[in-house]
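**Student:** all I have is the shape, not the residue letters:
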């Protein structure tokens, strides 16, 4: 073996040893978790995708703390397009106002009353669970706190799954992001073409009986709040149809059932069930919004798979042609 080869081998051994030092990754992850917890306690759980992406990127840095700094920049290389698309999505939700498209008020009320045998499920749940008087400022119940965590998970779950897949399997990350971004833009197209008011706003405008927006009621007991750090103030109160909160939760369950093999994977449908219950109870969405969000998730799953199969077939054809030429 030459001297240069011996030096090269020794350098490889040093690199391997350096990346396998016990406790380094654990210490870095503990620091990251502590920093995130302190941030959330001081400022609140982030609502916007950019802040969540930055937070998760720092998590990948902590996870691969001993990697070369340029390797951490691979995250920016891979994620700039999803970040740009999701930012465009956030800023485009208000196009309804610019286009002056009429807001729909009564259709979801009529449908939900039909499903609720004369009363909307939101009114039924608030009458049973909210207390008297029903107000977002009244004392929360234990299930308000539980529903608060479920509701807040929407802003973290989809992107957290994406980051875990990016670290473990880049190809699978692309599979998930194709569906996650597709769901958001499918929802955006419906928001723009069919703006619809949620139950709490319909109640404020006199289209529906007393309905309170209870989304923030559970935060007080746990000492947390929600905050938009970067996309502050960006939103659309008439973007209730479809419910992307429910659609995302349903997409996660569909994706898990498709990709996992454990028989317990079917239990993940409890997540969209809990999300849907929270959304209807809190006055954020009608049941018909949940149906539309779930249907959109199913359509996105099917269309994405059809596109992937077509691309795989084309790759097989090209590979066969190359073999024939050889």
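**Tutor:** Sure thing, it's come through. Only a predicted model underlies this, so the values are computations on that prediction, with no experimental measurement involved.

**Student:** following whichever strand or helix holds residue 251, which helix or strand comes up?
**Tutor:** Per DSSP states H and E: residue 251 is located in helix 244-259. Of the helices and strands lying after helix 244-259 in sequence (DSSP H and E), the nearest is helix 270-281.

**Student:** now the helix or strand that that following helix is followed by: buried residues?
**Tutor:** Downstream of helix 270-281, the next assigned helix or strand under DSSP H and E is helix 287-325. Residues of helix 287-325 classed as buried by neighbour count (16 or more other Cβ atoms under 10 Å): 287-294, 296-297, 300-301, 304. For glycine as for every other residue, the C-beta is placed from the backbone atoms N, C-alpha and C.

**Student:** what helices and strands are in contact with helix 287-325?
**Tutor:** helix 106-115, helix 170-193, helix 244-259, helix 270-281 (3 or more Cβ pairs under 8 Å, 6 or more residues apart in numbering; DSSP states H and E).

**Student:** reformat those helices as JSON lines; add mean neighbour count, mean pLDDT and distance to residue 75.
**Tutor:** Shown next, in JSON lines, are those (neighbours: other Cβ atoms under 10 Å; pLDDT from 0 to 100; distance: least, Cβ to Cβ, whole Å):
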{"stretch": "helix 106-115", "mean neighbour count": "16", "mean pLDDT": "94", "distance to residue 75": "40"}
{"stretch": "helix 170-193", "mean neighbour count": "18", "mean pLDDT": "92", "distance to residue 75": "11"}
{"stretch": "helix 244-259", "mean neighbour count": "22", "mean pLDDT": "96", "distance to residue 75": "22"}
{"stretch": "helix 270-281", "mean neighbour count": "22", "mean pLDDT": "96", "distance to residue 75": "27"}
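
**Student:** can you list the ones you listed in a markdown table and add distance to residue 204?
**Tutor:** Shown next, in a markdown table, are those (distance: least, Cβ to Cβ, whole Å):
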| stretch | distance to residue 204 |
| --- | --- |
| helix 106-115 | 13 |
| helix 170-193 | 20 |
| helix 244-259 | 20 |
| helix 270-281 | 17 |
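
**Student:** and those helices: which comes nearest residue 140?
**Tutor:** helix 270-281 (12.0 Å; Cβ to Cβ).

**Student:** show me what the helix holding residue 251 is packed up against.
**Tutor:** Helix 244-259 packs on helix 142-168, helix 170-193, helix 270-281, helix 287-325, going by 3+ Cβ pairs under 8 Å, 6+ apart.

**Student:** mind putting those helices into TSV with distance to residue 100?
**Tutor:** Formatted as TSV, the helices and strands packed on helix 244-259 follow (distance: least, Cβ to Cβ, whole Å):
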stretch	distance to residue 100
helix 142-168	29
helix 170-193	12
helix 270-281	28
helix 287-325	23
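
**Student:** need the contact list for residue 150.
**Tutor:** Residue 150 sits next to 271, 274, 275, 278 when contact means Cβ atoms under 8 Å, 6 or more residues apart in numbering.

**Student:** again, 7 Å this time
**Tutor:** By Cβ atoms under 7 Å, 6 or more residues apart in numbering, the contact set of residue 150 is 274, 275, 278.

**Student:** before we move on, back to that, how distant is the helix holding residue 251 from the center of its chain?
**Tutor:** Relative to its chain's centre, helix 244-259 lies at 10 Å (Cα atoms, centre = their mean, to the nearest Å).

**Student:** thank you, goodbye.
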